[in-house]
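Chemist: 3D model of this:
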Amino acid sequence: TSPTVKYTLKPLKLFCCRLLEEAYVMNDPFTPDEDMFLIIRSLCSLCSRAVCVGTARSLFYSKNFCLPCVKENLKVFPLEIKEDMDKRKPQQK
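Modeler: Predicted coordinates for the structure are as follows:
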């Protein structure tokens with residue numbers, strides 16, 4: 001059977017924690033521990049596009065943002081975020 005993916009604030013079968021925003025979550029298929037879960041993706045807080053939660057595709061700063069929205073709105077983010085985005089740029093040769 002395929003794993004269940006749910007869009008929710010509360011991870012499946014887990015009542016001890018609550019996510020800061022709704023996200024696509026599923027039980028971790030790599031462990032027998034039923035309390036372990038994976039956050040697969042979330043929605044960008046600006047454009048509402050589904051975005052992978054990996055650092056190559058999104059940025060979490062109190063909410064999830066896709067990188068194109070971060071780049072478009074960089075001036076409204078704190079200096080630390082601007083510095084983080086500078087580090088992500090490919091190094092010029």
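Chemist: for the longest strand along the chain, which positions count as buried?
Modeler: Identified as the longest strand of the chain according to DSSP state E is strand 37-43. Residues of strand 37-43 classed as buried by neighbour count (16 or more other C-beta atoms under 10 Å): 37-38, 40-43. C-betas here are computed from N, CA, C, even on glycine.
Chemist: from those, which single one is nearest residue 86?
Modeler: residue 42 (23.8 Å; C-beta to C-beta).
Chemist: that closest one reaches residue 59, doesn't it?
Modeler: No. The criterion here is C-beta atoms under 8 Å, and residue 42 misses it with residue 59 at 11.2 Å.
Chemist: CA atoms of the longest strand of the chain as CSV?
Modeler: C-alpha atoms of strand 37-43 as CSV (Å, rounded to 0.1, in the frame of the first residue of the first chain):
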residue,chain,number,x,y,z
PHE,A,37,6.9,11.6,10.7
LEU,A,38,8.2,13.4,7.6
ILE,A,39,7.2,16.9,6.5
ILE,A,40,7.0,16.5,2.7
ARG,A,41,6.0,20.0,1.6
SER,A,42,4.1,23.1,2.5
LEU,A,43,2.6,26.0,0.8
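Chemist: strands paired with whichever helix or strand comes after it, and their directions?
Modeler: Later in the chain than strand 37-43, the nearest helix or strand by DSSP states H and E is strand 50-52. Strand partners for strand 50-52, identified by DSSP bridges, are recorded as strand 37-43 (antiparallel).
Chemist: alright, I will stop here.
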